[in-house]
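Student: Return a 3D structure for these sequence lines:
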Amino acid sequence: MKAKQFITTMCSALAISLLSGTGAFASSGVTNKVFVSGPLILLFLGFCALVVVIQCIPAIIMLYGMIKGAASSKEKDVVKAKG
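Tutor: This next block holds a predicted model:
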């Protein structure tokens, strides 16, 4: 009876140590790699940046129009007040 319990305990301890030790093998061991992406990743990120810049152009044009419209309405009010 004691032999069966001893074998069960040893098998459990061995299984636990093997299962908990596999996390150490997930690391490659090289910690000084900074940037390891291929050219397709850089192309994708460049495309995303281009989309953001293209979307800013209409916003800048609309902002310019709003400022121009606000400034021209004040000029018309000044002309009406003098005339």
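Student: Run through who's touching whichever strand or helix holds residue 13.
Tutor: Here residue 13 sits within helix 2-21, counting by DSSP states H and E. Outside helix 2-21, not one residue touches it by CB atoms under 8 Å, 6 or more residues apart in numbering. For every residue, glycine as well, the C-beta is placed using N, CA and C.
Student: Next secondary structure element downstream of it?
Tutor: Scanning onward from helix 2-21 (DSSP H and E), the first element met is helix 39-82.
Student: how about the CA coordinates for the helix holding residue 13, as CSV?
Tutor: Extracted C-alpha coordinates of helix 2-21, given in CSV (Å, rounded to 0.1, in the frame of the first residue of the first chain):
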residue,chain,number,x,y,z
LYS,A,2,2.8,2.4,0.9
ALA,A,3,4.6,1.6,-2.4
LYS,A,4,1.5,2.5,-4.4
GLN,A,5,1.1,5.8,-2.6
PHE,A,6,4.8,6.5,-3.0
ILE,A,7,4.7,5.9,-6.8
THR,A,8,1.6,8.1,-7.1
THR,A,9,3.2,10.9,-5.1
MET,A,10,6.4,10.7,-7.2
CYS,A,11,4.5,10.6,-10.5
SER,A,12,2.5,13.7,-9.4
ALA,A,13,5.6,15.5,-8.3
LEU,A,14,7.3,14.7,-11.6
ALA,A,15,4.3,15.8,-13.7
ILE,A,16,4.0,19.1,-11.8
SER,A,17,7.7,19.8,-12.2
LEU,A,18,7.7,19.0,-15.9
LEU,A,19,4.5,21.1,-16.6
SER,A,20,5.8,24.1,-14.6
GLY,A,21,9.2,23.9,-16.2
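Student: Report the mean per-residue pLDDT for that helix.
Tutor: Across helix 2-21, pLDDT averages out at 77.
Student: buried sites along that helix?
Tutor: When burial is assessed from 16 or more other CB atoms under 10 Å, helix 2-21 yields no buried residues.
Student: Need the pLDDT of residue 61.
Tutor: As predicted, residue 61 sits at a pLDDT of 95.
Student: any idea how far it is from residue 72?
Tutor: Residue 61 is 16 Å from residue 72, where distance means CB to CB, to the nearest Å.
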